[in-house]
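Undergrad: Quick check, what structure comes out for this input:
(one chain, ligands or ions: 1)
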Amino acid sequence: MSSNPILRFAEAGKTYPPQRTPLRQLWSHLRGHGRDSLGGYTALQNLSFEVYPGQSLGIVGLNGAGKSTLLQLAAGTLTPSHGQVHSHGRIAALLELGSGFNPEATGRENIYLYAATMGLSREQVEQRLDSIIEFSGLRNALDMPVKTYSSGMQVRLAFSVATSVDPDILIVDEALSVGDGVFAKRSFDRVMQLREKGTALLLCSHALFHVDLFCERTLWLDQGSICAFGPTTEVVPRYQEFLDSLNQEPAPANQSEVQAEVAQGLLSAARPELVRLVRAEVSLDGTVGKELHGHSRQSHLTVDIHLQVSEQEPHPCAAIVISSESGKIIGSSFCETGVIKAHDEQGHAYARFDLPNIPLNKGRYRVGVYLLCKDMRYVYEWVDPFAYIELKAAGSAQGPWLMPGEWSRQDKDVAVAG
Ligand SMILES: Nc1ncnc2c1ncn2[C@@H]1O[C@H](COP(=O)(O)OP(=O)(O)OP(=O)(O)O)[C@@H](O)[C@H]1O
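TA: Numbers count the residues shown, from 1 in each chain. Next up is the predicted model:
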């Protein structure tokens, strides 16, 4: 690890100026004050922490805890009212929807504008243009003004540019769960690749599963202050317990709005309010892990999942997908309707998938966990790969799966001609 942090908050905080409504201005004027004396709102206070190159930090907290404010300070789109925020390197931020875009300009023009704000020259953008367009999947809409884009399309464009500029720090505010199933999966893969290349990540998400997956450390914000900060494996379960203790009703989703967007195929039903993956665990012969070793035909694969369902989606579907290392699907198993069912008032549900005598040949495989809506048309969340399994085998079978079927000796030629 480099000895210099790439991002440093030193007693940093943010107080928003008071809302200068006409009534307040009149009140101040009558009282003879030059400034509104009602005071501002302190959204963050005295935060100190550091992020080193290649590290990933998750930010969790209730609505209004100050997460977006923290991310904006880190991105440099807000300045601290007290303390300091130091950063160096190229920062790519996916913050509020549409921020950074000129709505009147086309998608193509916005790629240049957006990349320029991240320090890329026109030439550098041109070198990457094709891959940015390809990744966004918006080639046909590229010469239309961004104001005509749906929210899902805007996120795709922003995500595509932000992750194509070789950032030193990638800041993501919830954006990962937006986009249709295919795009969201590619976004996951892209963030993983950036992490492997050493990009530091700051991720704020209400989907704790994402934080669990991407971030080795987590900062839990409560009313603008750090409530807990440490390894994700410690902080996220504590935060989950806290959420459970609140017996929080999920924020009511505007169902008709969600359905309209889903109907356009632009947004997956990926609303954390509807259903979310809380935790998953893959084990081979009883050993839990992300890199597991076993024997073909003998080992027993188990996947345990814990999710949270809601009234709007009480019986989602879970699936396990086994693929080759390169991502080619070898097999999948979808749970039957009714297997996933709320177990308590908070909507926690648990399910297990068992695959004894694993019918795979020697090799390395990835195991993915998916959460879909009941009719399996939309994927809420997935993590693929969630774990890798590496199998040893005796014999000379070819190909990834162990083809069932039996040989038997025959006494005569049974091949019937004509
Ligand atoms: N521009 C602003 N002016 C005044 N107050 C603001 C402003 N932006 C945010 N706030 C207030 O600061 C507090 C923290 O807001 P912030 O958006 O950072 O929270 P958050 O944790 O990201 O919430 P959420 O999970 O709902 O997105 C909130 O009480 C909010 O009302």
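
Undergrad: Could you find the closest non-adjacent residue to residue 221?
TA: In space, and not counting its chain neighbours, residue 221 is closest to residue 61: 3.7 Å by C-beta to C-beta, 6 or more residues apart in numbering. Yep, even glycine has a C-beta here, placed from its N, CA and C like the rest.

Undergrad: OK, contacts around that neighbour?
TA: Counting by C-beta atoms under 8 Å, 6 or more residues apart in numbering, residue 61 makes contact with 67, 220, 221, 222, 227.

Undergrad: Out of the residues you listed, which comes closest to residue 329?
TA: Of all the contacts of residue 61, residue 329 sits closest to residue 67, with 35.7 Å by C-beta to C-beta.

Undergrad: could you point out where this structure is predicted with low confidence?
TA: Scanning the chain for pLDDT under 70 picks out the ranges 1-3, 19-39, 97-99, 175-185, 247-273, 327, 376-379, 416-418.

Undergrad: domain parsing for it?
TA: Following automatic domain parsing, the chain resolves into domains at 7-246, 275-392.

Undergrad: Nearest to the ligand, out of those?
TA: domain 7-246 (3.3 Å; C-beta to the nearest ligand atom).

Undergrad: That closest one near the ligand anywhere?
TA: Yes - residues of domain 7-246 are located near the ligand by C-beta under 6 Å from any ligand atom, namely 16, 41, 43, 61, 63, 64, 65, 66, 67, 68, 69.

Undergrad: which of these are buried?
TA: 43, 61, 65, 66, 67, 68, 69 (16 or more other C-beta atoms under 10 Å).

Undergrad: could I get those as CSV with distance to residue 113 and secondary structure?
TA: Shown next, in CSV, are these (distance: C-beta to C-beta, whole Å; DSSP: H, G, I helix; E, B strand; the rest coil):
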residue, distance to residue 113, secondary structure
43, 29, strand
61, 32, coil
65, 32, coil
66, 29, coil
67, 27, helix
68, 23, helix
69, 25, helix
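
Undergrad: just curious, which of the residues you listed is nearest to residue 121?
TA: For these, the minimum distance to residue 121 (C-beta to C-beta) is 30.2 Å, reached by residue 68.

Undergrad: Hmm, residue 363 and residue 323 touching each other?
TA: No - assessed by C-beta atoms under 8 Å, residue 323 is found out of contact with residue 363, at 11.2 Å.

Undergrad: how close does residue 40 get to residue 68?
TA: Per C-beta to C-beta, to the nearest Å, residue 40 is found 17 Å from residue 68.

Undergrad: Could you do residue 192 as well?
TA: Counting by C-beta to C-beta - residue 192 and residue 68 are separated by 24 Å.

Undergrad: top strand in this protein by residue count?
TA: Secondary structure of the chain per DSSP state E: the longest strand is strand 379-392.

Undergrad: same for it, what does it pack against?
TA: Packing partners of strand 379-392 (3 or more C-beta pairs under 8 Å, 6 or more residues apart in numbering; DSSP states H and E): helix 181-197, helix 208-214, strand 276-284, strand 291-295, strand 317-324, strand 363-372.

Undergrad: what's around residue 285, how many residues?
TA: Number of residues near residue 285 (other C-beta atoms under 10 Å) recorded here: 14.

Undergrad: so what's it closest to, chain neighbours aside?
TA: Among residues not flanking residue 285 along the chain, residue 299 sits closest, at 5.2 Å (C-beta to C-beta, 6+ apart).

Undergrad: thought residue 310 was touching residue 349?
TA: No - contact criterion C-beta under 8 Å: residue 310 and residue 349 do not qualify, at 10.5 Å.

Undergrad: which strands and helices sit next to the host helix or strand of residue 126?
TA: For residue 126, the host element (DSSP states H and E) is helix 122-136. Judged by 3+ C-beta pairs under 8 Å, 6+ apart, helix 122-136 is in contact with helix 107-117, helix 151-162.

Undergrad: now, of those, which is deepest in the fold?
TA: Greatest average neighbour count among the helices and strands packed on helix 122-136 goes to helix 151-162 (a mean of 24), per mean count of other C-beta atoms under 10 Å.

Undergrad: picking that back up, redo the helices and strands packed on helix 122-136 as CSV? Include distance to residue 205.
TA: Below are the helices and strands packed on helix 122-136 laid out as CSV (distance: least, C-beta to C-beta, whole Å):
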stretch, distance to residue 205
helix 107-117, 22
helix 151-162, 14
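
Undergrad: still on that earlier bit, output the helices and strands packed on strand 379-392 as JSON lines; include the columns mean neighbour count.
TA: Listed next are the helices and strands packed on strand 379-392 as JSON lines, based on neighbours: other C-beta atoms under 10 Å:
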{"stretch": "helix 181-197", "mean neighbour count": "17"}
{"stretch": "helix 208-214", "mean neighbour count": "23"}
{"stretch": "strand 276-284", "mean neighbour count": "21"}
{"stretch": "strand 291-295", "mean neighbour count": "16"}
{"stretch": "strand 317-324", "mean neighbour count": "20"}
{"stretch": "strand 363-372", "mean neighbour count": "21"}
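
Undergrad: any chance of those in a markdown table, plus distance to residue 100?
TA: Formatted as a markdown table, these follow (distance: least, C-beta to C-beta, whole Å):
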| stretch | distance to residue 100 |
| --- | --- |
| helix 181-197 | 17 |
| helix 208-214 | 22 |
| strand 276-284 | 27 |
| strand 291-295 | 38 |
| strand 317-324 | 34 |
| strand 363-372 | 30 |
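
Undergrad: wait, which of those is closest to residue 393?
TA: Proximity to residue 393 (C-beta to C-beta) singles out strand 291-295 among those, at 6.8 Å.

Undergrad: Return the angle between stretch directions for the closest one and strand 379-392.
TA: In terms of direction (axes from the mean of the first three to the mean of the last three C-alpha atoms, to 10 degrees), strand 291-295 departs from strand 379-392 by 50 degrees.

Undergrad: C-terminal to strand 291-295, what's the next element?
TA: Assignment by DSSP H and E places the next element after strand 291-295 at strand 301-308.

Undergrad: Paired strands for that next one, with orientation please.
TA: Strand 301-308 pairs in its sheet with strand 276-284 (antiparallel), strand 348-355 (antiparallel), by DSSP bridges.

Undergrad: I would like the residues contacting it, please.
TA: Residues from elsewhere that reach strand 301-308, judged by C-beta under 8 Å, 6+ apart: 275-284, 294, 316, 318, 320, 340, 346-356, 358, 367, 369, 371, 386, 389.

Undergrad: Flag every buried residue along that strand.
TA: Buried residues in strand 301-308 (16+ other C-beta under 10 Å): 301, 302, 303, 304, 305, 306, 307, 308.

Undergrad: tell me the secondary structure for the nearest residue to residue 232 once chain neighbours are set aside?
TA: Nearest non-adjacent residue to residue 232, counting by C-beta to C-beta, 6+ apart: residue 218, 4.4 Å away. Classification of residue 218 using DSSP: H, G, I helix; E, B strand; the rest coil returns strand.
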